[in-house]
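Enquirer: Show me how the following folds:
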Amino acid sequence: MGFPGTWMTESESMVYRVVPKCACSTIGQIMYYSDHGTFFDGDIHDAQAGMHKWAMDDSQPLINANVKAHKSYAFTCVRNPYTRILSSFFDKICGIQRNGRRYRGNLVPLLIQKYGIEVGDPETGFEFDQIQSFRRFLLFARDTIRWRRPMEPDIHWSAMSGHISTFIVNGGTYDKIFWTETFNDGMQDVLSAVETPHKVDLATIPRFNESEGHGPKRLHKVSDYFDDLSMHLVYEIYKKDFQLFRYDFENPDNKMPTGEIDLAEVHAKLGE
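Expert: Below you'll find the predicted structure:
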């Protein structure tokens, strides 16, 4: 199995387990900059050099040896499950992707046909009933995760705990898990714990939100999208995420964590 979704700087100063929709573009660019003193020109997910990634065959032995021996500082980043699933919907389902097409080709037509979802059109300013469509998308997301139908769950809306657990189960140990909601504080803790070839000043680092501007803007506050049934579905899908990463299930509008993450508990619960 190894360490899917794991990135490592070429200098091996740090190891990062990518969690989609959790500031991964910005974190990847910070890692790249810390080695090279420049940012990658383009989306860091497309970089085929300048950084080790598990998806690249040459990187796998290096990442494997490093992680199993816990040679470098290892970390990841999490996000409130309510805002994460909303972001996935607006970016991946409603948005036009970098290649100018809809995400995953036939996925959106399938959702329109099977779930009655509307996604709007960039030509007409993405006008559609966002709340109704999002709730139908949530049913689809639950179906993919619970029954793997009508397709396998997508990495952008599968639970964070699932991504994070593969690293632990296969022999990795996290030194830090921080929240996107307090990104600068968490990322600074990581940078303060490691030696990098180039110093990173977080205050001057731009945010690399590669999904921004591809789709419609969210028109309502978070809680408007989640009625009683939607909250029930979200808890069914993301129960461990709420519990382990200390997010507030009762109030969708409170995106901030309610307590500290217990790394020992995360390793125990996700390492089973």
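
Enquirer: all strands for the stretch 151-272 of the chain, in order.
Expert: With DSSP state E, counting those that start in this stretch, the ranges of strands along the stretch 151-272 of the chain come out as 176-179.

Enquirer: ok, which stretches of it are helices?
Expert: 160-169, 183-193, 228-244, 263-270 (DSSP state H, counting those that start in this stretch).

Enquirer: just the stretch 1-150 of the chain next, same as before
Expert: Under DSSP H, counting those that start in this stretch, the stretch 1-150 of the chain gives helices at 24-36, 60-69, 81-88, 107-115, 130-147.

Enquirer: if we can go back for a sec, most packed of the helices of the stretch 151-272 of the chain?
Expert: helix 160-169 (a mean of 20; mean count of other C-beta atoms under 10 Å). To be clear about C-beta, it is placed using only N, CA and C from the backbone, and glycine gets the same treatment.

Enquirer: So which elements touch it?
Expert: The helices and strands touching helix 160-169, judged by 3 or more C-beta pairs under 8 Å, 6 or more residues apart in numbering; DSSP states H and E, are strand 14-17, strand 73-78, helix 228-244, helix 263-270.

Enquirer: okay, the angle between that helix and helix 60-69?
Expert: Put simply, helix 160-169 runs at 80 degrees to helix 60-69, going by axes from the mean of the first three to the mean of the last three C-alpha atoms, to 10 degrees.

Enquirer: Helix 160-169 versus helix 81-88: what angle between them?
Expert: Using the same axes, to 10 degrees, helix 160-169 lies at 100 degrees relative to helix 81-88.

Enquirer: So which residues make contact with helix 160-169?
Expert: 1, 3-6, 17-20, 22, 67, 74, 76, 78-79, 81, 84, 155, 174, 177, 238, 240-241, 244-245, 266-267, 270-271 (C-beta atoms under 8 Å, 6 or more residues apart in numbering).

Enquirer: quick revisit: of the helices of the stretch 151-272 of the chain, which is nearest I30?
Expert: Ranking the helices of the stretch 151-272 of the chain by proximity to I30 (C-beta to C-beta) places helix 183-193 first, at 6.7 Å.

Enquirer: Distance from the chain centre to the closest one, please.
Expert: 18 Å (C-alpha atoms, centre = their mean, to the nearest Å).
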